[in-house]
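*Asks:* make a model of this:
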Amino acid sequence: MQTSKNEAEVRVRVRRNPRRALSKLVLIFISIYFILLTYNFVHALVVTRLARVETISRGVVQSTVPVQGILVRDEILVTAPQTGLLKVIAPEGERVRVGQVIAQVVAVSLDSHTGEKSFNITSPRAGIVSYHLDGLEEVYSWKNINELDLEKVQTIPAEVNHVLPGSQVEEGKPVFKIVNNLEPVFIIADTSVKLKSKDMEKGSIVLLLFGSDENNVSRAVLSEKIFGASPDRMLLSLSNYTNSLLTPRTIEFQVITERYDGFYIPVGAIVRKEGKDGIFTVYKERVRWKDIEIKARVGDKAIINDVTADLKVVSNPQYVKEGFPIKLP
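*Replies:* This is a model prediction of the structure:
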């Protein structure tokens with residue numbers, strides 16, 4: 001009887017085991033499912049946090065070289081007719097006509113009942129008036145620029161003088177200058193080893209930047225590839241310029257060696273696939289690979305064609321793969 005009872009218990013346990021095994025299997029599948037859900041959630045969260053998705057940029061991409069230059073203008077000095085106090089009539093930067101009264105010198109006079117007499121200073125030509133002088137106006141002459149001995153004239157010290165209203169002026173000494181702004185200003189550019197004029201053609205257009213505004217581009221003409229018998233100097237002619245170039249003798253500026261206007265991406269966003277250049281984009285919250293045509297590379301930017309302004313680009317593609325889900329904010 002004891003044996004029969006034990007066999008019955010075994011049969012009962014055998015009948016119960018399949019259900020228990022099935023329950024465990026279901027529990028394992030549910031656990032795996034939730035693990036996958038958690039992984040996908042965490043993965044999507046991490047990718048969203050790490051991956052930088054940006055709308056493609058459009059604008060100017062350019063490469064520049066810093067250059068120093070000497071300005072040579074068509075300018076003439078005007079001296080004081082008498083010694084006395086200066087009374088300014090035409091202010092700095094004003095364009096004046098021939099014969100216009102620019103200033104007056106108020107001098108002591110015994111012949112006047114007031115004890116003073118005013119002497120007019122008129123402009124000998126049309127142009128822009130400037131009271132900023134450096135004593136080199138006749139050294140760096142616009143008319144004899146091709147005869148300049150730079151090694152010699154650069155040893156002549158500048159005598160910077162800003163003639164102010166009410167200041168004492170001396171007879172025969174310069175008071176102001178008139179700059180003919182209808183003629184070009186020449187720039188003797190020191191290119192050293194950074195910019196090779198031999199790669200340019202005489203008469204070609206050279207793009208310049210004065211200041212930090214990359215859109216404020218000036219167009220100069222290469223007048224001489226080699227100036228003053230030095231391969232490290234070239235002569236530029238600039239016809240359109242602002243009054244900021246009327247007073248300084250030396251200037252620092254940028255020569256644009258490459259300039260493009262269009263859509264661009266960081267070079268680091270480029271992804272090679274099957275020998276082709278492409279980028280990872282985001283479309284319907286999925287990472288997609290798109291082939292691109294690279295027009296040029298300038299520094300850390302690449303100018304590309306055949307894209308639209310609404311394109312979303314992954315700028316750090318090392319964190320994603322094609323097909324990855326990614327949620328945009």
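*Asks:* pLDDT score for the residue nearest to residue 133 when sequence neighbours are not counted?
*Replies:* The spatial neighbour of residue 133 that comes closest, neighbours along the chain excluded (CB to CB, 6 or more residues apart in numbering), is residue 161 at 4.7 Å. C-betas here are computed from N, CA, C, even on glycine. pLDDT for residue 161: 93.
*Asks:* where does the protein have low pLDDT?
*Replies:* Residues of the chain that meet the criterion pLDDT under 70 lie in 1-22, 34, 36-49, 193-199, 329.
*Asks:* re earlier: tell me who's in contact with the residue nearest to residue 133.
*Replies:* Under the criterion of CB atoms under 8 Å, 6 or more residues apart in numbering, the neighbours of residue 161 are 132, 133, 134, 135, 174.
*Asks:* which of those residues are buried?
*Replies:* Neighbour-count burial (16 or more other CB atoms under 10 Å) applied to the contacts of residue 161 gives 133, 134, 174.
*Asks:* quick one: which of these is nearest to residue 274?
*Replies:* Of all the buried ones among the contacts of residue 161, the one with the least separation from residue 274 (CB to CB) is residue 134, at 63.5 Å.
*Asks:* quick one: contacts for the closest one?
*Replies:* Each residue near residue 134 by CB under 8 Å, 6+ apart is listed here: 158, 159, 160, 161, 249.
*Asks:* look up how far residue 27 lies from the residue nearest to the third one when sequence neighbours are not counted.
*Replies:* When you say that, I think you mean residue 160. Ranked by CB to CB, 6+ apart and with sequence neighbours excluded, the top spatial neighbour of residue 160 is residue 134, at 5.1 Å. Counting by CB to CB, to the nearest Å, the separation of residue 134 from residue 27 is 91 Å.
*Asks:* any idea which residue sits dead centre in this structure?
*Replies:* Closest to where the C-alpha atoms of the chain average out (CA atoms, centre = their mean) is residue 214, at 3.7 Å.
*Asks:* I'd say that one and residue 60 touch.
*Replies:* Yes - taking CB atoms under 8 Å as the definition, residue 214 is a contact partner of residue 60 at 5.7 Å.
*Asks:* before we move on, what SS does residue 27 have?
*Replies:* With DSSP: H, G, I helix; E, B strand; the rest coil as the basis, residue 27 sits in helix.
*Asks:* burial of it, as a residue count?
*Replies:* Residue 27 is flanked by 10 other residues according to other CB atoms under 10 Å.
*Asks:* any idea which of the contacts of residue 134 has the most stuff around it?
*Replies:* residue 249 (18 neighbours).
*Asks:* not counting sequence-adjacent ones, nearest residue to that residue?
*Replies:* The nearest residue in space to residue 249 (CB to CB, 6+ apart) is residue 134, at 5.3 Å.
*Asks:* phi, psi of the one you found?
*Replies:* phi -130, psi 0 (degrees, to the nearest 10).
*Asks:* what distance do you get for it to residue 157?
*Replies:* 10 Å.
*Asks:* all strands for the stretch 51-200 of the chain, in order.
*Replies:* Taking DSSP state E, counting those that start in this stretch as the criterion, the stretch 51-200 of the chain carries its strands at 53-55, 57-72, 75-79, 84-88, 95-96, 101-108, 116-122, 127-130, 132-133, 161-162, 168-169, 174-179, 185-190.
*Asks:* can you check the stretch 201-329 of the chain too?
*Replies:* According to DSSP E, counting those that start in this stretch, the strands that the stretch 201-329 of the chain contains are 205-209, 217-224, 233-238, 250-266, 270-273, 276-283, 286-291, 293-298, 301-305, 312-314.
*Asks:* who does the fourth one pair up with?
*Replies:* Read that as strand 250-266. Within its sheet, strand 250-266 is paired with strand 57-72 (antiparallel), strand 205-209 (antiparallel), strand 301-305 (antiparallel), according to DSSP bridges.
*Asks:* which of the buried ones among the contacts of residue 161 sits closest to residue 66?
*Replies:* residue 134 (22.9 Å).
*Asks:* what sits closest to residue 241 if chain neighbours are left out?
*Replies:* Using CB to CB, 6+ apart and skipping the chain neighbours, the partner closest in space to residue 241 is residue 185 (5.7 Å).
*Asks:* pretty sure that neighbour contacts residue 72?
*Replies:* Yes - assessed by CB under 8 Å, residue 185 is found in contact with residue 72 at 7.0 Å.
*Asks:* can you pull the contacts of residue 124?
*Replies:* Applying CB under 8 Å, 6+ apart, we find residue 124 in contact with 76, 78, 98, 178.
*Asks:* filter those residues down to the buried ones.
*Replies:* 76, 78, 178.
*Asks:* okay if I get those residues as JSON lines plus distance to residue 124?
*Replies:* Shown next, in JSON lines, are those (distance: CB to CB, whole Å):
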{"residue": "76", "distance to residue 124": "7"}
{"residue": "78", "distance to residue 124": "7"}
{"residue": "178", "distance to residue 124": "7"}
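*Asks:* from those, pick the one nearest residue 234.
*Replies:* Ranked by distance to residue 234 (CB to CB), those are led by residue 76 at 26.4 Å.
*Asks:* could you give the bridge partners of the residue nearest to the closest one when sequence neighbours are not counted?
*Replies:* Once flanking residues are discounted, residue 76 sits nearest to residue 178: 5.7 Å by CB to CB, 6+ apart. Beta-bridge partners for residue 178, by DSSP bridges, are residue 76, residue 129.
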